[in-house]
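Q: coordinates for the following, if possible.
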Amino acid sequence: MRNANVALLQLCSGDQVRDNLAQIEQQIKQLNAGVKLVMTPENALLFANSAAYRQQAEKQGDGPLQNAVRELARRYGVWLLVGSMSLISRENPELITTSSLLFDEQGEIRARYDKLHMFDVDINDAHGHYRESDTYQHGQHLTVVDTPVGRLGMTICYDLRFPALFQALRAQGAELISVPAAFTRVTGEAHWEILLRARAIENQCMILAPAQVGRHGPTRRTWGHTLAVDGWGKVLAENADAVAALKVRVDAASLKNIRAQMPVLQHNRFQTSLTAPSDKLSSNQE
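A: Residues are numbered from 1 along each chain as shown. Next up is the predicted model:
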């Protein structure tokens, strides 16, 4: 797509950081000059186990993984979203979060989002038992940030099942919402596209969802199907199973007519408010 301004990287990441970074750079190299924003999926830099995530956790702004991403953003002159990586908690230095970081073309961090909803579920697949809360502290902030292609609200994977989060991001001005993911094959086949399109329709936002695909160790398999969805719920582009970039033209201005003709935000009779189990979420607007 010659006039693409966003690229969604579909990866098959593993437990070797160097290989994952090489996979990311290879896809970025093949992009056209018009791409301003590149997004990677959840676990883009490391897809491993709890011990590895704890060992590789970095303080925001400092560490080899962030330095490598910073250099990629500078080298190729793009804004670069890391779908998720382990960071030291902002609230408790003894804990870690699984967090999405957004770098600008100069390699500066413009936004951080700590995943709010932990994937603590049982799935009928080879892995079976998923408990993110055994590794990570849940996030306590909402994040909306201006980018070269529109105002971006940030989420991660399992957040997709919680529509109030998306409504809160829309209320804070989001035009685009990122959903970097590593959906299992079982849940992805059943729910991935349906949920992405629903969140786009409900909030009249463009949904950008870069995904992991394939096998990640002996038991983990992911669904892939990276998607870009417009504010009317139309799938703009999809990458089913290729380890490759999905390029798409994002036009936030096109949302204006949709929102004017059907002003759901004004019609909503429920106040948009989110509360965590023991604290109130704070806004982290950039």
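
Q: now the helices for the stretch 151-286 of the chain?
A: With DSSP state H, counting those that start in this stretch as the definition, the stretch 151-286 of the chain shows helices at residue ranges 163-171, 185-187, 193-203, 255-261, 264-267.

Q: would you list those in CSV and tack on distance to L31, mean neighbour count and mean pLDDT?
A: Just so you know, the C-beta spots here come from the backbone N, C-alpha and C atoms, and that holds for glycine as well. As requested, the helices of the stretch 151-286 of the chain are exported to CSV (distance: least, C-beta to C-beta, whole Å; neighbours: other C-beta atoms under 10 Å; pLDDT from 0 to 100):
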stretch, distance to L31, mean neighbour count, mean pLDDT
helix 163-171, 26, 20, 97
helix 185-187, 28, 18, 97
helix 193-203, 23, 20, 98
helix 255-261, 24, 13, 97
helix 264-267, 34, 10, 94
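
Q: closest to N32 out of the ones you listed?
A: helix 255-261 (24.1 Å; C-beta to C-beta).

Q: quick one: contacts of the closest one?
A: Contact with helix 255-261 is made by E175, Q204, C205, M206, G231, W232, L265, as judged by C-beta atoms under 8 Å, 6 or more residues apart in numbering.

Q: from the residues you listed, which ones fall inside strands?
A: M206 (DSSP state E).

Q: helices or strands up against the longest strand along the chain?
A: Scanning the chain for the longest strand, with DSSP E as the assignment, gives strand 79-88. If you count contacts as 3 or more C-beta pairs under 8 Å, 6 or more residues apart in numbering; DSSP states H and E, strand 79-88 packs onto strand 37-39, helix 50-56, helix 64-76, strand 96-103, strand 109-114.

Q: if we can go back for a sec, what's the PyMOL syntax to select whichever of the contacts of helix 255-261 are buried?
A: Listed next is the PyMOL selection for buried residues among these, using 16 or more other C-beta atoms under 10 Å:
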select buried, resi 175+204+205+206+231
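
Q: any idea which of the contacts of helix 255-261 is the one closest to D104?
A: E175 (17.8 Å).

Q: how far away is that closest one from L169?
A: 10 Å (C-beta to C-beta, to the nearest Å).

Q: find residues that contact each of these two.
A: C205.

Q: between the helices of the stretch 151-286 of the chain, which one is nearest to N20?
A: Closest to N20 of the helices of the stretch 151-286 of the chain, according to C-beta to C-beta: helix 185-187, at 20.1 Å.
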